[in-house]
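In: What follows is a predicted structure for the sequence shown.
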Amino acid sequence: MANKLKIALPKGSLQDPTLDLLEKAGYNIYTSSRGLRPSSDDDDLDIYMIRAQEIGGYIDSGFLDCGITGLDWAYENRADLVDMAELPYSRATTRPTKWVLVVPENSPIQSVHDLEGKRIATEGVGITERYLEEKGVKADIEFSWGATEVKVPDLVDAIVDVTETGNSIRANKLRIVDTLLTSFPHFYSSKQAYEDDWKRGKMERLVLMLKAALEARDKVGLKMNLPEKSLQQVLDTLPSLRRPTIAQLAEDGWVAVETVIEETVSRKIIPTLKELGAEGIIEYPLNKIVK
Ligand SMILES: Nc1ncnc2c1ncn2[C@@H]1O[C@H](COP(=O)(O)OP(=O)(O)OP(=O)(O)O)[C@@H](O)[C@H]1O
Ligand SMILES: O=P(O)(O)OC[C@H]1O[C@H](OP(=O)(O)OP(=O)(O)O)[C@H](O)[C@@H]1O
Ligand SMILES: [Mg+2]
């Protein structure tokens, strides 16, 4: 029988950004609105859409070979996994998810120590238990199925919840007291799968392409012709042009300069390059960068 890699992808908050990233990495996954076993253009993959909370457990127990899920849930589940890569993407931004201890804006609670004997609601009971233990605080932690923000201050004194953009915290007039954990998605493998040469090879190639797609995000290539006499000035004034490739042009006194920069830097750099005499400046998108 042909080799297959059983891989879990997160259903929920991370589903769309994960499928987008896989597409950028060169893997097209075909989902249907209710289907949880999507097909793909890579026959080696056997894909399961599973809740992020549960992926670590299924990999740990060996039912699945690998998967992408948040570090937060792998930590919450105390799953024993091979952490093959951090993949720095999120639901809405490029910032990590933070698990934060939150109270109403006008609450008297100023630090975790003010929570002694109080009630906390959270989806991450294990994360919260381990944090309180570390701080030497005893409080009553209750599991929340979600929409946790609504529970303060009437049902509980504080909540521990996920924040990314901060919109939910602002909308519910809440205040952050402390950050418990910072989390990005990771690529995890089971120990057994990692020991299998074919599976490890397949996973390593997949991880390489995912990282290359993330590395290329928000970066662009920049190419121009420059009078040789301006070269030093360009390199001095534009520190973002690090380690550029410089090639001699057929025409004497001119060089071609090629480099990779953050797209946001480009709008500052291009007019300056023009002022310094650069010609034929082109900016182009990048799909992958392998470091
Ligand atoms: N803004 C965000 N809100 C929630 N989770 C996020 C966000 N950004 C990234 N994540 C990550 O998504 C993963 C799943 O989040 P979560 O446990 O909240 O489940 P969900 O997919 O949002 O489903 P639910 O609707 O039940 O909350 C976690 O690893 C979390 O860190
Ligand atoms: O800082 P923000 O970008 O606003 O993100 C944080 C929100 O996202 C999560 O909710 P989710 O949509 O997962 O629903 P839930 O409350 O049911 O978990 C979390 O519980 C917050 O409500
Ligand atoms: Mg959620």
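Out: Yep, it's here. Residues are numbered from 1 along each chain as shown. Ligands and ions are numbered 1, 2, ... in the order given.

In: Quick one: name the residues of the stretch 151-291 of the chain near ligand 1.
Out: By the rule C-beta under 6 Å from any ligand atom, the part of the stretch 151-291 of the chain lying against ligand 1 is 162, 164, 183. C-beta here means a position set from N, CA and C on the backbone, and glycine is covered the same way.

In: Now with 8 Å, please.
Out: Residues of the stretch 151-291 of the chain found near ligand 1, taking C-beta under 8 Å from any ligand atom as the criterion, are 162, 163, 164, 165, 168, 183, 184, 185.

In: Can you check the pLDDT for the last one?
Out: We have a pLDDT of 98 for residue 185.

In: Report whether the expected contact of it with residue 68 is present.
Out: Yes - the pair residue 185 / residue 68 is scored as a contact, 5.3 Å apart, by C-beta atoms under 8 Å.

In: Which residues are in contact with the residue of the chain found nearest ligand 2?
Out: Ligand 2 sits closest to residue 146 of the chain, with a gap of 2.9 Å, by C-beta to the nearest ligand atom. The contact partners of residue 146, taken as C-beta atoms under 8 Å, 6 or more residues apart in numbering, are residue 123.

In: swap in the one 10 residues further on?
Out: Residue 156 makes contact with 118, 119, 120, 121, 142, according to C-beta under 8 Å, 6+ apart.

In: Can you name the helix or strand that the third one falls in?
Out: Here residue 120 is covered by strand 119-122, with elements defined by DSSP states H and E.

In: Need the contact partners of the helix or strand of the chain with the lowest mean pLDDT.
Out: One helix or strand of the chain scores below all others by mean pLDDT, DSSP states H and E: helix 231-237, with a mean of 85. Applying C-beta under 8 Å, 6+ apart, the set of residues contacting helix 231-237 from outside is 226, 241, 244, 246, 255, 257, 272, 273, 276, 278.

In: The third one is in contact with residue 258, isn't it?
Out: It refers to residue 244. Yes - taking contacts as C-beta under 8 Å, residue 244 lies within contact range of residue 258: 6.2 Å.

In: who's more crowded, these two?
Out: Ranked by neighbour count (other C-beta atoms under 10 Å), residue 244 and residue 258 place residue 244 first, with 20 against 14.

In: Okay, and the beta partners of the nearest residue to that one once chain neighbours are set aside?
Out: Spatial nearest neighbour of residue 244, excluding adjacent residues (C-beta to C-beta, 6 or more residues apart in numbering): residue 259 at 3.9 Å. Note on residue 259: beta-bridge partners by DSSP bridges are residue 222.

In: where's residue 259 relative to residue 169, distance?
Out: From residue 259 across to residue 169, the span is 39 Å (C-beta to C-beta, to the nearest Å).
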